[in-house]
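Engineer: Any chance you could fold what I've pasted below:
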Amino acid sequence: MSINTGTAQQAGLKAAAAATFVVFGINGLVFASWAARIPAVTETLQITSGQMGTLLLCTAVGSLLALPTAGWVVGRLGTANTVRLGGLLASAAGVGIALSLSIASIPGTAVSLFFFGIAIGLWDVSQNIEGADVEHKLRRTIMPQFHAAFSGGAFVGALIGAGLSNLGIDLALHLLVIVGIVLVVTMLAPRYFLPHVPIPAPADGAKAVKGPSAWRDSRTVLIGIVVLGATLTEGAGNDWIAKASVDGLGTSESTGALMFALFVLAMTAMRFLGGRVIDKYGRVTVLRASMAAAAAGLCLFVLAGNPWLAAMGAALWGIGAALAFPMGMSAAADDPQHAAARVSVVSTLGYISFLAGPPLLGYLGDLTGIHHALLAILAPILVALLLAGAAKPLKAK
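Structural biologist: The predicted structure is shown next:
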């Protein structure tokens, strides 16, 4: 009987891991398929790039409002129902965006993007908590593979968006098809998540850690600062490698795009392989090595005198940027009793950097040129390197 029970538990864990992998992948696909059509949105609404940036800020504001409370929502509903809630809200927002674009309504698009941001915030925190729970129960590091699924989904989503754009497929129709995919996946995949078990109150009568208390936990905040530096490193690469290649190295736009693709490919590959590396050498060692690699790759990319050396730098940069965020999520969730609140805190700090950092680099680039402005990232990378010890796994109680 015990053998059968153990076999069933392992099967359940594998199913939960597969479902989490799919949920991460669809999250990335949705994000990138939308991002790939942003030029079409600009054209449909007849707005400038600056005005489009303001519209996208609506999504960022929605996410940043949702992230601090997402841990509380997960604690009440569980990860499966929170993913469903995020998927339902994202689908409703997607319909709103499609309808708003069909009548060229800027206010309607802005409101829909705001709620889309809220949905993504809830979805992101809940999938990371589920991933950390599965990882703990499997007793091996697989969080980087979940984030690789997001990167892979983003790559596929970008291809779909670009392909539909080339075929002249109506943007509203594209969004409605994505809505259908999101609804199906987010309603069905979470049924294979691990069962939601409400965390009981501590035996000594102390109150369980909630969101505001998690912000006062020094280890959690330090992990958040490490993740902040790591996400700025990743976000800057995503947003500026292509343009920095064109402006700083004098390459063509197609070569700049290939440089970006190399960065993403290196990051995705490292996320698929990183779990074994972390299990072998430990979280803190790999985190420090990652930040060192990111710093070295960044310097090589910026200071290289030719595209071939810059390409080596971009690949090394992508390798260095790959593992810090998933390791930060794992570290925040080390204590299952407080995982929801602490993952919410670390996610919030990470996404503030991810969303706000690249635009700030753009402003600095107006003064120095974006190619050399990227060197400013060395400061948060160094801070993350120095504080990496905060991610040391907690001892089992």
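Engineer: Excluding sequence neighbours, find me the nearest residue to residue 111.
Structural biologist: Nearest residue to residue 111 in three dimensions, chain neighbours excluded: residue 96, at 7.0 Å (CB to CB, 6 or more residues apart in numbering). Backbone N, C-alpha and C define where each C-beta goes, glycine included.
Engineer: The one you found touches residue 107, doesn't it?
Structural biologist: No. Using CB atoms under 8 Å, residue 96 makes no contact with residue 107, being 11.1 Å away.
Engineer: Looking at those two, which is more packed in?
Structural biologist: residue 96 (20 against 8; other CB atoms under 10 Å).
Engineer: and that one, what element?
Structural biologist: Remark: residue 96 resides in helix 49-102, with elements defined by DSSP states H and E.
Engineer: helices or strands next to that helix in the packing?
Structural biologist: Here helix 49-102 touches helix 38-45, helix 106-138, helix 171-188, helix 211-214, helix 339-368, going by 3 or more CB pairs under 8 Å, 6 or more residues apart in numbering; DSSP states H and E.
Engineer: List the buried residues of the first one.
Structural biologist: Buried residues in helix 38-45, defined by neighbour count with 16 or more other CB atoms under 10 Å: 40-41, 44-45.
Engineer: Keeping just the C-alphas, turn that helix into CSV.
Structural biologist: C-alpha atoms of helix 38-45 as CSV (Å, rounded to 0.1, in the frame of the first residue of the first chain):
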residue,chain,number,x,y,z
ILE,A,38,2.8,46.8,-30.5
PRO,A,39,3.8,48.5,-33.8
ALA,A,40,0.3,47.5,-35.2
VAL,A,41,-1.3,48.9,-32.1
THR,A,42,0.6,52.2,-32.6
GLU,A,43,-0.6,52.3,-36.2
THR,A,44,-4.2,51.4,-35.4
LEU,A,45,-4.5,54.1,-32.7
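Engineer: Quick check: which ranges of the stretch 201-350 of the chain have low pLDDT?
Structural biologist: For the stretch 201-350 of the chain, residues meeting the criterion pLDDT under 70 lie at 201-212, 253-254, 257.
Engineer: Recalculate using a threshold of 50.
Structural biologist: Scanning the stretch 201-350 of the chain for pLDDT under 50 picks out 201-211.
Engineer: Next one: residue 42 from residue 129, what distance?
Structural biologist: 35 Å (CB to CB, to the nearest Å).
Engineer: I should have written residue 248 there, sorry.
Structural biologist: 40 Å.
Engineer: Out of those two, name the residue with the larger neighbour count.
Structural biologist: residue 129 (29 against 20).
Engineer: That one against residue 74, yeah?
Structural biologist: Yes. Counting by CB under 8 Å, residue 74 is a contact partner of residue 129 at 5.6 Å.
Engineer: for the host helix or strand of residue 280, packing partners?
Structural biologist: For residue 280, the enclosing helix or strand under DSSP H and E is helix 253-281. With contacts defined as 3+ CB pairs under 8 Å, 6+ apart, the packing partners of helix 253-281 are helix 143-167, helix 218-249, helix 283-303, helix 307-322, helix 324-332.
Engineer: Nearest approach to residue 379 belongs to which of the ones you listed?
Structural biologist: With CB to CB, the closest approach to residue 379 among those belongs to helix 218-249: 8.4 Å.
Engineer: now the closest one and helix 253-281, what's the angle there?
Structural biologist: Counting by axes from the mean of the first three to the mean of the last three CA atoms, to 10 degrees, helix 218-249 lies at 150 degrees to helix 253-281.
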